[in-house]
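Student: Predicted model and sequence below, questions to follow.
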Amino acid sequence: MNKKALHKISYGLYVVSSLSKNGEYNGQIANTVFQITSEPVRIAVSLNKENLTHKYVSESGVFSVSVLAQDTPLKFIGKFGFKSGRDIDKFEGTEFKKGTLGTPIVLDHTIAYLEAKVTDKLDVGTHTIFVGDVVDADVLLEKPPMTYDYYHKVKRGTAPKTAPTYIEEQKKTEKKTYKKYRCKICGYVYDPELGDASQDIKAGIPFEELPDDWTCPVCGAPKEDFVEID
Ligand code: FE
């Protein structure tokens, strides 16, 4: 079996949010959100059982989905995707509104949102698929949505379109200095040949020469949390 075939399935990138029985908010990045039927308007999300949002959706029976814009910064995705609501309040410093079902609806970088009431759930092992009837939805911005594929391309740091010519030459002669480093927390790979456009790090800067206060563009981890790869 060639598992790479699975990577050819296309997805979007969303923030799925809910609330606990005590009214605490949490949200997480999810790529598995899909419409199931149009009559009634019904959607489904697949959430990992270990995630706090899974617990909250189970408790409250409601959830919201924010569809993220293609230009959503990695830092924002890192906050909702690589940090746990058990450690931080993700809604602090995040723009959101309370939906008709009481769910927090993230508005930052959101082009559209949906709010749903759980009608069914399916235990699929590591995850639960929650099925919900949509009770409210709106489009907020006419911008393209983030796709999972695009996110991975950005994550790999292909954002800088052109690299200066001297870098091209340097690359050939000093290949050994271009070691890649992987973030132990979120898996982001710093590739010196690409730099980190999100923090104005140009292509050609070796990991060792990054400023001491440079942090993972996805999850915010410090340089110490990176390990050399290759
Ligand atoms: Fe990271």
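Tutor: Done, it's in. Residues are numbered from 1 along each chain as shown.
Student: ok, now which ones touch the most centrally placed residue in the chain?
Tutor: For the chain, the residue lying nearest the average C-alpha position, counting by C-alpha atoms, centre = their mean, turns out to be residue 77 (3.9 Å). Shown here is residue 77, whose contacts under the criterion C-beta atoms under 8 Å, 6 or more residues apart in numbering are 13, 29, 68, 151, 218. Where you see a C-beta, it was placed from the backbone N, CA and C, and this is true even at glycine.
Student: Could you identify the least confident member of those residues?
Tutor: Least confident of these in the model: residue 151, at 83.
Student: In three-state terms, label that one for me.
Tutor: Put simply, residue 151 is helix when judged by DSSP: H, G, I helix; E, B strand; the rest coil.
Student: So it versus residue 145, what's the distance?
Tutor: For residue 151, the distance to residue 145 (C-beta to C-beta, to the nearest Å) stands at 11 Å.
Student: Quickly list what's touching both of those two.
Tutor: With the criterion set as C-beta under 8 Å, 6+ apart, the overlap between the contacts of residue 151 and residue 145 is residue 13.
Student: the more surrounded of the two?
Tutor: Legend: neighbour count by other C-beta atoms under 10 Å for residue 151 and residue 145, higher for residue 151 (22 against 17).
Student: Excluding chain neighbours, give the residue nearest to that one in space.
Tutor: What sits nearest to residue 151 in space, not counting adjacent residues and going by C-beta to C-beta, 6 or more residues apart in numbering, is residue 13, at 5.4 Å.
Student: Next up, the contacts around the one you found.
Tutor: Applying C-beta under 8 Å, 6+ apart, the residues contacting residue 13 are 29, 31, 68, 72, 77, 145, 146, 147, 148, 151.
Student: how does it look with 7 Å?
Tutor: Contact analysis of residue 13 by C-beta atoms under 7 Å, 6 or more residues apart in numbering lists 29, 31, 68, 146, 147, 148, 151.
Student: of the residues you listed, buried ones?
Tutor: A residue is treated as buried here by neighbour count (16 or more other C-beta atoms under 10 Å); on that basis the buried members of the contacts of residue 13 are 29, 31, 68, 146, 147, 151.
Student: what's the nearest residue to the fifth one if we skip its chain neighbours?
Tutor: Just to be clear, that refers to residue 147. residue 12 (5.8 Å).
Student: Please report the distance of the one you found from the ion.
Tutor: Going from residue 12 to the ion by C-beta to the ion, to the nearest Å gives 22 Å.
Student: does that residue really touch residue 145, like I thought?
Tutor: Yes: at 5.5 Å, residue 12 and residue 145 qualify as touching, with contact defined as C-beta atoms under 7 Å.
Student: shared neighbours of the two, anything?
Tutor: Common contacts of residue 12 and residue 145 (C-beta under 7 Å, 6+ apart): residue 67.
Student: I'd like to know which helix or strand in this protein has the lowest mean pLDDT.
Tutor: helix 165-173 (a mean of 38; mean pLDDT, DSSP states H and E).
Student: which is the next helix or strand following it?
Tutor: Going down the chain from helix 165-173, the next helix or strand is strand 181-183, by DSSP states H and E.
Student: helices and strands around that following strand, which ones?
Tutor: The elements that strand 181-183 packs onto, with contact taken as 3 or more C-beta pairs under 7 Å, 6 or more residues apart in numbering; DSSP states H and E, are strand 226-228.
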